[in-house]
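Undergrad: Model the following, please.
(4 chains)
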There are 4 protein chains.
Amino acid sequence: MKIGFIGLGRMGHAMATRLIAAGHEVLVYNRSAAKAADLVRAGARPAASVAAACAGREAVITMVADDAALAEVTLGEQGIVPALAKGAMHLSMGTHGVGVIRALTAAHAEAGQIHVAAPMLGRPEAVAAGQAGIVAAGPAGALARCAPLFQALGRRVFEAGDEPVGATSIKLANNFLLSCAIEAMGEAFSLVRKYGVAPAALYDIIADGMFTSPAYKIYGKIIADESYDQVGFTTQLALKDSNLVLAAAEAARVPLPSAGVVRDRLLGAIAHGDADKDWAAMARDQARASGLE
Amino acid sequence: MKIGFIGLGRMGHAMATRLIAAGHEVLVYNRSAAKAADLVRAGARPAASVAAACAGREAVITMVADDAALAEVTLGEQGIVPALAKGAMHLSMGTHGVGVIRALTAAHAEAGQIHVAAPMLGRPEAVAAGQAGIVAAGPAGALARCAPLFQALGRRVFEAGDEPVGATSIKLANNFLLSCAIEAMGEAFSLVRKYGVAPAALYDIIADGMFTSPAYKIYGKIIADESYDQVGFTTQLALKDSNLVLAAAEAARVPLPSAGVVRDRLLGAIAHGDADKDWAAMARDQARASGLE
Amino acid sequence: MKIGFIGLGRMGHAMATRLIAAGHEVLVYNRSAAKAADLVRAGARPAASVAAACAGREAVITMVADDAALAEVTLGEQGIVPALAKGAMHLSMGTHGVGVIRALTAAHAEAGQIHVAAPMLGRPEAVAAGQAGIVAAGPAGALARCAPLFQALGRRVFEAGDEPVGATSIKLANNFLLSCAIEAMGEAFSLVRKYGVAPAALYDIIADGMFTSPAYKIYGKIIADESYDQVGFTTQLALKDSNLVLAAAEAARVPLPSAGVVRDRLLGAIAHGDADKDWAAMARDQARASGLE
Amino acid sequence: MKIGFIGLGRMGHAMATRLIAAGHEVLVYNRSAAKAADLVRAGARPAASVAAACAGREAVITMVADDAALAEVTLGEQGIVPALAKGAMHLSMGTHGVGVIRALTAAHAEAGQIHVAAPMLGRPEAVAAGQAGIVAAGPAGALARCAPLFQALGRRVFEAGDEPVGATSIKLANNFLLSCAIEAMGEAFSLVRKYGVAPAALYDIIADGMFTSPAYKIYGKIIADESYDQVGFTTQLALKDSNLVLAAAEAARVPLPSAGVVRDRLLGAIAHGDADKDWAAMARDQARASGLE
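TA: Below you'll find the predicted structure:
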């Protein structure tokens, strides 16, 4: 397919690489053009602007850092809405809030374009390996049109209905579940430590039985080893995600008590200097609250 | 080994069955003797009292319903402490609170006996199939002596140090992690439902990716299907477990905010008539709080 | 009236003093008899046992330290139930849990005696000055019979129905409200301190406007001054009260999220060494969690 | 003084009225000019624009609905910053978030103007009666210059340092304390109701003893009477305030567990249709969670 790709951070770069390798005709755009260089060598064409990346495209994909960037890139005067052809698609594939996603859906509809929200599940390494999941929501016909792209980008597509914001809510719910698992492990490890138990003993059970999944094994290990300096995702970024899920809960009027607990833990961790540590440092904040640090 | 086995509820019965099958010489005692009948046919000998079940035994195992029963069976005038030989072992294998476990450890030590706390991880069906785990804590030599019993009883032993209460803390932490996972899923399912997403769409992601473990698959399915009438473990019993972990946290001075959230959810579920439903009905209480029921 | 008075701690002593001064004929009993000496000089007669303190009495009042003591003094073999005349009253005036109060009500009813729960509102100094309140619940006729006693003991009686446990629930609710006010102030003071505001500035507003009540003025001042060493009521005792309200909430199936927050704060304070400080040290635990200490 | 007054909602109108009555020379501006009519009859002069309301003024006061309005009125191209004279003051007197207040402080400083944050404490009726409080923060000299205005506007000024955001933090903390008091009362009333106690019995104690302050008497009465239809402040607006305090807590890295509890309660109330009821309807959401509705 003829596509535009906007936003070449670590995730975007890995995604664009896969699309090029799959034979799609890709125009790439990034605010700092340097990040496009090796993609161009791999077969992409550079676009000089967002509008240029939309010209003549069946679909344009965005993978930008935050809601403000997505709003500007899409709704701005030089953005996607004024540049994209009628009937063409915009796949917003980052992790965004429900507010901006709804605004995009409305603006694209008014312009006769199609909005698909399709956030990725997985880190850049998983994307590069073709192991990431994709949660996609949008008009049924549009999802079918996206199939070749999704096939190139990930391992499996989870369809979440025809309202783009539905995919957003699932992506946020998934991140939220992970934050709750980390918080719960933080509490559990503090508890057993206070009874003189080696963290590894609890970890062995977590890794073996009812919880033997990547979420618990990866983060249980970090907590048991207190290896918060090996950063996969920072506490600071986790706070941003926490705000996205809280905003989604507010917009839908859903009390989320566990999200409040997680938020306070993240704030406590940041207040004590762990903003740039791995967000499993939530467990250190719990330990501190328990008198263990 | 020559052992006594006290408490023949569903768990105890499954455990005694395995010990007999493994060739141990088992005296069985239960308050209502009828439950021992088939075990006797299988090779056990019935004991007429707790004291009789202790006579001449290297080890006695208890699997009783709650802390009050364990205290009475162990510390009572007709209990294990006065009946068990010096140097013999008491393996308390139920899920109990830290208070009673510490009391047992002290009483057995004073009587020159050995206390091992070794709660089982898994339901009766898993025990029957030899698939249960065992968390064991007690003097190192004692754990070695228990090895043939543990081998007969379960799949794997997780050692948790030489203080029996350490095993208790791990068992409670494990149950607590499960309660937090259910609560988090309840919140997540309410959130996506409010965005018009079919629960199955979230379940598919839970069952496939970061959370693909028995805890999330079993309980995620119950929540997605709202099949709270197929009861594995009741809300009422979950409240009892919740109290055990809160008491352990209090005794060790560990704030456990997620445990407070779970407790309130269980109380809400029971207040609305779900005491005897599967405890995943926590998710229904969350849905109700969100205006979904 | 002819009354027996059991339990001469600081509260009980102040209460017995007022009853004697009001002309009632008082038999006093305390486990350690020394505490009765000055009351005897003031006109009371010493009783050698709980039973002796009940002999020939229209009413017996208990003011004992905790639920275990109340249960033993009332329901024990040498307790009030076997010793008190039919038709006579037992006024339990301490702060107790709903479980023991219900057990007393049942036992007294079975023995043809009358149970009135009438916890005091106020500290010993307030009692001594006749400024304490009394929350009373029991059969309507019984409350009328108690009027002369209540008149001697306090400033005002708040009637809470004919079920003794109703008075208990109000007393616990009152303590709970106070704990929540302290927690909220702790959070508020941490917030403004982080914005560079002197605690006294917030205190001035608290003491002047919407919150100008003893609860906020007394505890707001302690927090603003960080004078946790002047102990009115310890963190450790506050944890006991917190458990009483949580148990009452559990028995009645009432989720109490604020009680969970308070409990965790108390545990955090105790974990950091403030068990014997004034319970307003909850605010210090909040400050610590905020990175302020 | 020569002042401009921008924003003539209920609060602003009451404030402008007092300033005119005190003899100040007031230019008034409101988006819909009709609201200025009676003020003009009382002696004010109408301004045709924000800029006109700033012309030749020593001070301009804003009392606008929310942060977006304050940002536009102040920082917009036709706003206060470009129109106000050097050395003149902007008193922002509404309830705003820390982010916009800090932005105003920076913009005014750059323009050589002075920003004072001085949110009002009290409802329009209290303002009209001269009974409102004022929390003021800004450069010491500026607060002194404001004295005649504050004298006209309220009963008492609480100084909160020289950083405007400090006054904001106190105002938000004050609102937060109120929300916590309402939440705690909601929980307490549910508890006693479940023990068969008439709400009025708890109210009597609240109104008499440790909590005898406007906050508890006003809201305790609403809850006891369940008179949520007499609306002083809506649940919806309370959610806005809740977000302001949570944002302030986040910016300062302060975990606020009670704020999370309040937020969830407000969302629950709104989810069940109480958005436009008095925010004491939080207590109804608590009652519902307890199985009481």
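Undergrad: Now do the contacts for A:Cys54.
TA: A:Cys54 makes contacts with A:Gly4, A:Val60, A:Ile80, A:Ala83, A:Leu84, A:Ala85, A:Ala88, as judged by Cβ atoms under 8 Å, 6 or more residues apart in numbering or on different chains. C-beta coordinates here come from the backbone N, C-alpha and C atoms, glycine included.
Undergrad: of these, closest to chain D?
TA: Nearest to chain D, judged by Cβ to the nearest Cβ, of the contacts of A:Cys54 is A:Ile80 at 25.1 Å.
Undergrad: Give me the three-state assignment for the residue nearest to that closest one when sequence neighbours are not counted.
TA: Computed as Cβ to Cβ, 6 or more residues apart in numbering or on different chains, the closest residue to A:Ile80 that is not its neighbour in sequence is A:Thr74, at 4.7 Å. Under DSSP: H, G, I helix; E, B strand; the rest coil, the three-state class of A:Thr74 is helix.
Undergrad: Tell me if I'm right that A:Thr74 and A:Ala83 touch.
TA: No: A:Thr74 is beyond contact range of A:Ala83, at 10.0 Å (criterion: Cβ atoms under 8 Å).
Undergrad: Please say which of these two ends up with more neighbours.
TA: A:Thr74 (26 against 20; other Cβ atoms under 10 Å in any protein chain shown).
Undergrad: if I look at the more buried one, how far off is A:Gln113?
TA: For A:Thr74, the distance to A:Gln113 (Cβ to Cβ, to the nearest Å) stands at 10 Å.
Undergrad: what touches both of those two?
TA: Counting by Cβ under 8 Å, 6+ apart, the residues touching both A:Thr74 and A:Gln113 are A:Val81, A:His90.
Undergrad: Buried residues, stretch A:263-280. List them.
TA: Neighbour counts over stretch A:263-280 (16 or more other Cβ atoms under 10 Å in any protein chain shown) mark A:263-272, A:274-275, A:277-280 as buried.
Undergrad: distance between it and the chain's centre?
TA: 19 Å (Cα atoms, centre = their mean, to the nearest Å).
Undergrad: Which members of the buried residues of stretch A:263-280 additionally contact chain D?
TA: A:Arg263, A:Asp264, A:Arg265, A:Leu267, A:Gly268, A:Ile270, A:Ala271 (Cβ under 8 Å from any Cβ of the partner chain).
Undergrad: Just want the angle from the helix or strand hosting the second one to helix B:257-271.
TA: Translated: A:Asp264. For A:Asp264, the host element (DSSP states H and E) is helix A:257-271. Per axes from the mean of the first three to the mean of the last three Cα atoms, to 10 degrees, the angle that helix A:257-271 makes with helix B:257-271 is 170 degrees.
Undergrad: Helix A:257-271 - contacts with which helices or strands?
TA: Where contact means 3 or more Cβ pairs under 8 Å, 6 or more residues apart in numbering or on different chains; DSSP states H and E, helix A:257-271 is packed against helix A:164-194, helix A:235-252, helix A:282-289, helix B:164-194, helix B:257-271, helix C:282-289, helix D:235-252, helix D:257-271.
Undergrad: What separation do you get for the residue nearest to A:Ile80 and A:Glu25?
TA: Distance, A:Thr74 to A:Glu25, using Cβ to Cβ: 22 Å.
Undergrad: ditto for A:Leu8
TA: On the measure of Cβ to Cβ, A:Leu8 and A:Glu25 end up 17 Å apart.
Undergrad: These two - which one has more neighbours?
TA: The neighbour comparison of A:Leu8 against A:Glu25 (other Cβ under 10 Å) goes to A:Leu8, with 27 against 16.
Undergrad: I'd like to know how many residues surround the residue nearest to A:Val98 when sequence neighbours are not counted.
TA: Excluding the flanking residues, the one nearest A:Val98 by Cβ to Cβ, 6+ apart is A:Ala248, at 4.6 Å. Per other Cβ under 10 Å, the neighbour tally for A:Ala248 reads 27.
Undergrad: same check, this time on the one 3 residues further on
TA: The burial count assigned to A:Ala251 is 17, neighbours taken as other Cβ under 10 Å.
Undergrad: Report the contact partners of A:Ala184.
TA: Per Cβ under 8 Å, 6+ apart, neighbours of A:Ala184: B:Phe176, B:Leu177, B:Cys180, B:Ala181, B:Ala184, B:Ser258.
Undergrad: swap in A:Gly122?
TA: A:Gly122 touches A:Gln131, A:Ala132, A:Gly133, A:Gly154, B:Gly209, counting by Cβ under 8 Å, 6+ apart.
Undergrad: ok, now A:Gln151?
TA: Counting by Cβ under 8 Å, 6+ apart, A:Gln151 has contacts A:Ala22.
Undergrad: Show me what from chain A comes close to chain C.
TA: A:Pro257, A:Asp264, A:Gly268, A:Ala271, A:His272, A:Gly273, A:Arg288, A:Ala289, A:Ser290, A:Gly291.
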